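> Have a look at this prediction, sequence included:
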Amino acid sequence: MIKYLGSKRLLVPAILGVVAALQPGGTVIDLFSGTSRVGHALKRAGYRVLANDHNAYAHALATCYVAADAERYAAPAAALIAEFDALPGAPGYFTETFCERSRFFQPKNGARVDAIRDAIARKGLDPVLEAVLLVALMEAADRVDSTTGVQMAYLKAWAPRAHNDLALRLPDLLPRAPSGAGEASCRDAIDAVEHMSGDICYVDPPYNQHKYLGNYHVWETLTLWDRPEVYGTACKRVDVKTRGSAFNSKPGAAAALERVIRGAQARHLVVSFNDEGFLARRDIEAMLAHRGEIAVLTNDYKRYVGAQIGIHNPRGERVGAVSHVRNTELLYVVSPDPAAIARVRALAAEPAPRTATSGTSRPS
């Protein structure tokens, strides 16, 4: 899967453990699906997954990894991947924008992206099959990019992998889960909760002001293939300036999360957040309290990539020191079933909360 800020790769085992401890029925909602790493793992574990994200590239990822079943889509996708992987490069918008005006990719690989993406568009494919092909192309481009993992900027010198030749691979499609066919939607989360119901709702909202669209604007353009106007050194889509989310707003984040928590149509909620976000632990626990009893699991975690790189001025000179490189990721679990919460607490041997706010009954 693509490199991704906020990916829950290291937290997937903990999330799966919590879901298993809750002993749900067959359906889990993934309301902010991102790369669909969590949804993919849940599908592998046998759950029916309903994935949602408001960005087009994330919707393509969810369609591929949650909605596309291997028994139906692997063979036709593999045949098309072989066909597209043999295409010579044909420089176009992508090459001009992301290889010449900026330096995210070597021009040879940008030309391949142009050729393959145009070929996908000409096919007029079934939307699910098209999403599998888009993900194959996205992941192929990700393997030869020249970034630190986000598309706010590119490296001053080419990353070694950028010199490699772009090559398509079949994404890791899974067979249909025993609990049923997965689905992928592309809605704002506050709207999506009104259209999705399941046994567990997993909520992993943005923690702070940084928009995923700004961090992954190249993938949005590759998916939409709309050749937008761009701005700045990184050639971001102009709609990065206007497409917002209440979750990226300090004044709006609390109300947005509370609406999601109150509107979620699921017996159990699992909320992922960390200790550097807009909302403090006490705020989130207060929002959750009306839904039942709460358990909180904590995980020490490496901070975002910028903290690893350090603070630099526009000339690329280091000008400051990062205060810390670790933070705490928290999984808030709420359920009306005390026995389910007891099983969750047992995962970390966490004692029962001492106050009504923290136990009876938001970043980074």
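Received the coordinates, thanks.
> start to end distance for stretch 137-154?
With Cα to Cα, to the nearest Å as the measure, stretch 137-154 spans 19 Å from end to end.
> What residues of it count as buried?
Within stretch 137-154, the residues scored as buried using 16 or more other Cβ atoms under 10 Å are 137-152, 154. In this view, the C-beta of every residue, glycine as well, is placed from N, C-alpha and C.
> And stretch 78-98, by the same measure?
Of the residues in stretch 78-98, 78, 80-81, 84-85, 89, 91-98 count as buried by neighbour count, 16+ other Cβ under 10 Å.
> before we move on, what about stretch 107-114?
So stretch 107-114, judged by 16+ other Cβ under 10 Å, has buried residues 108-114.
> Helices - which of the buried residues of stretch 137-154 land there?
Those of those mapping onto helices are 137-142, per DSSP state H.
> and which of the residues you listed is nearest to residue 219?
Residue 219 has its nearest neighbour among those in residue 138, at 5.5 Å by Cβ to Cβ.
> What residues does the closest one make contact with?
Neighbouring residues of residue 138 by Cβ atoms under 8 Å, 6 or more residues apart in numbering: 2, 57, 60-61, 219, 222-223.
> Narrow these to those in strands?
Among these, no member is found in strands (DSSP state E).
> Most neighbours of all those, which one?
When neighbours are counted by other Cβ atoms under 10 Å, residue 61 leads the contacts of residue 138 with 32 neighbours.
> If we ignore the residues flanking it in sequence, what's nearest it?
Of all residues not flanking residue 61 in the chain, residue 36 sits nearest, at 4.7 Å (Cβ to Cβ, 6 or more residues apart in numbering).
> number of nearby residues for that neighbour?
Residue 36 has 28 neighbours, counted by other Cβ under 10 Å.
> That one reaches residue 67, doesn't it?
No. Between residue 36 and residue 67 there is no contact under Cβ atoms under 8 Å: 9.6 Å.
> now do the same end-to-end measure for stretch 152-172.
28 Å.
> follow-up on the earlier one: out of the buried residues of stretch 78-98, who's nearest residue 241?
residue 97 (16.9 Å).
> list the contacts for residue 117?
Taking Cβ under 8 Å, 6+ apart, we find residue 117 in contact with 94, 137, 222, 225.
> got the contact list for the third one?
What it means is residue 222. Contact analysis of residue 222 by Cβ under 8 Å, 6+ apart lists 57, 94, 113, 117, 134, 137-138, 141.
> That one and residue 134, how far apart?
As judged by Cβ to Cβ, to the nearest Å, residue 222 and residue 134 stand 7 Å apart.
> swap in the first one?
Distance, residue 94 to residue 134, using Cβ to Cβ: 13 Å.
> tell me, what's touching residue 36 and residue 67 both at once?
Shared contacts of residue 36 and residue 67 (Cβ under 8 Å, 6+ apart): residue 51.
> What average pLDDT does the helix or strand hosting residue 28 get?
Assigned by DSSP states H and E, residue 28 falls within strand 27-30. The average pLDDT for strand 27-30 rounds to 98.
> Show the average pLDDT along the helix or strand following that strand.
Where DSSP H and E defines the elements, the next helix or strand beyond strand 27-30 is helix 37-44. Averaged across helix 37-44, pLDDT comes to 97.
> export helix 37-44 as PDB, just CAs?
The C-alpha coordinates for helix 37-44 follow below in PDB (Å, rounded to 0.1, in the frame of the first residue of the first chain):
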ATOM      1  CA  ARG A  37      -5.200  -0.600   5.600                       C
ATOM      2  CA  VAL A  38      -7.600  -1.200   8.500                       C
ATOM      3  CA  GLY A  39     -10.500  -2.100   6.300                       C
ATOM      4  CA  HIS A  40      -8.300  -4.500   4.400                       C
ATOM      5  CA  ALA A  41      -7.200  -6.200   7.600                       C
ATOM      6  CA  LEU A  42     -10.800  -6.400   8.800                       C
ATOM      7  CA  LYS A  43     -11.900  -8.000   5.600                       C
ATOM      8  CA  ARG A  44      -9.000 -10.500   5.800                       C
END
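> Give the other helices and strands that it contacts.
Counting contacts by 3 or more Cβ pairs under 8 Å, 6 or more residues apart in numbering; DSSP states H and E, helix 37-44 is packed against helix 12-22, strand 27-30, strand 48-52.
> what does the second one contact?
Judged by Cβ under 8 Å, 6+ apart, the contacts made with strand 27-30 from elsewhere in the structure are 19, 36, 38-39, 42, 47-52, 62, 66, 179-180, 196-202, 204, 264, 266.
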